[in-house]
Structures are given as structure tokens and as C-alpha cells.
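Peer 1: quick one: sequence and predicted model below, then my questions.
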Amino acid sequence: MTTSSALACVALGANIDSPVERVCEAMGWLDATPFGRIVARSSLYRTLPVGKLDQPDFINAVVTLQTPLTPLALMRALLDLEARLGRVRAERNGPRRIDLDLITYDARLIDTPELQLPHPRAIERAFVMVPWAEVAPDAVIGGQRVADVAARMPCHDIARIEA
């Protein structure tokens, strides 16, 4: 179930039921056993919804996490945490109380029906790349530095907030 230790990137988001509090609550859980410990956490960002536009803005953040869990065990633990925090998967891209996405796990490339790493859409999403660049600008995804990817993103729909 465990490996020695790996560095994972996890994106967090919420847009209903006090989203700032939900994201901060999830960060608290991630900084505890069995997940490991948070190495860095980004600021919170207010972002426009993607896909389904008729819903509240999102609060997003990214953490880098030192974890003893394997990639699949970490992903399953994230899904379990979403459920414990009240996530209901009613509609694709719909409102959510909490969303936890495993973006990367060390430099591992995984492509299975249950898990794809790096996250297949992360590089297209400012709400992942901008917060990630804040905490790990030299991290690499798709052969590119995170800071370089973030710098090329249209960022008119993302704003850092005070929390």
C-alpha cells in the first residue's frame, strides 16, 4: 500500500456551501495521516466555472504533498475524502462542495482506466497552473516548467483572494 515517499500535486476546488472554508478544511485533512504532509500550499484563487457556466465562481488552490501512499492509493484516499466532506457527483462540471484532483505524482506517467497522470487536462486549466506556479514554479508537466505554462495562460478569469 505504501512506497518510500513521493511528491504529489493536488488541486482543490469548491463553489458551494462556503467554498473558502471547504478548501481550507480539505487542506487540513491533507496535512495529516494517511495522506502525508503538505510541503507547500498556494493562495486561494477565485475562478470562473468551466463547462457548465450557470453556477457560482470557484475557489481553487494547489498543494504539494509529501506522501507515503502509492499513486492509486492516494487517488482513492482523495476520493474518500471528497465523500467525507460531502461531495455529491450529480452532474459533470456541476457545482461541488469539494473537488480534489491528483495532478502529478513525482514524474510518474500512468494511463489506466482508473488513473491518468499527469492529470490529462491540468495543463489547459489556469485554475490549476497559476496556483501551482506560485508554489512549485520549477515543477514539470508535459515536459514544460509549470511557471512557463502558467505564464502563457489567459488569466482574465482568475484572481488571488485574501482568506
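Peer 2: Yes, it's here.
Peer 1: just the helices in the chain please.
Peer 2: Ranges of helices within the chain are 19-30, 71-84, 126-135, 146-151, based on DSSP state H.
Peer 1: which neighbouring elements make contact with the longest one?
Peer 2: Going back to what we said before, that points to helix 71-84. strand 2-14, helix 19-30, strand 99-105 (3 or more CB pairs under 8 Å, 6 or more residues apart in numbering; DSSP states H and E). C-beta: built from backbone N, CA, C; applies to glycine.
Peer 1: between helix 19-30 and that helix, find me the angle.
Peer 2: 140 degrees (axes from the mean of the first three to the mean of the last three CA atoms, to 10 degrees).
Peer 1: what is the rounded mean pLDDT of helix 71-84?
Peer 2: Per-residue pLDDT values over helix 71-84 give a mean of 95.
Peer 1: and it, how far out from the chain middle?
Peer 2: With CA atoms, centre = their mean, to the nearest Å as the basis, the distance from the averaged C-alpha position of helix 71-84 to the chain average is 12 Å.
Peer 1: and that helix, what's buried?
Peer 2: When burial is assessed from 16 or more other CB atoms under 10 Å, helix 71-84 yields the following buried residues: 71-72, 74-75, 77-78, 81-82.
Peer 1: picking up where we left off before, worst average pLDDT in the helices and strands packed on helix 71-84?
Peer 2: Least confidently modelled of the helices and strands packed on helix 71-84 is strand 2-14, at a mean of 87 by mean pLDDT.
Peer 1: pull up the pairing partners for that one, direction included.
Peer 2: For strand 2-14, sheet partners with direction are given as strand 58-69 (antiparallel), strand 99-105 (antiparallel), following DSSP bridges.
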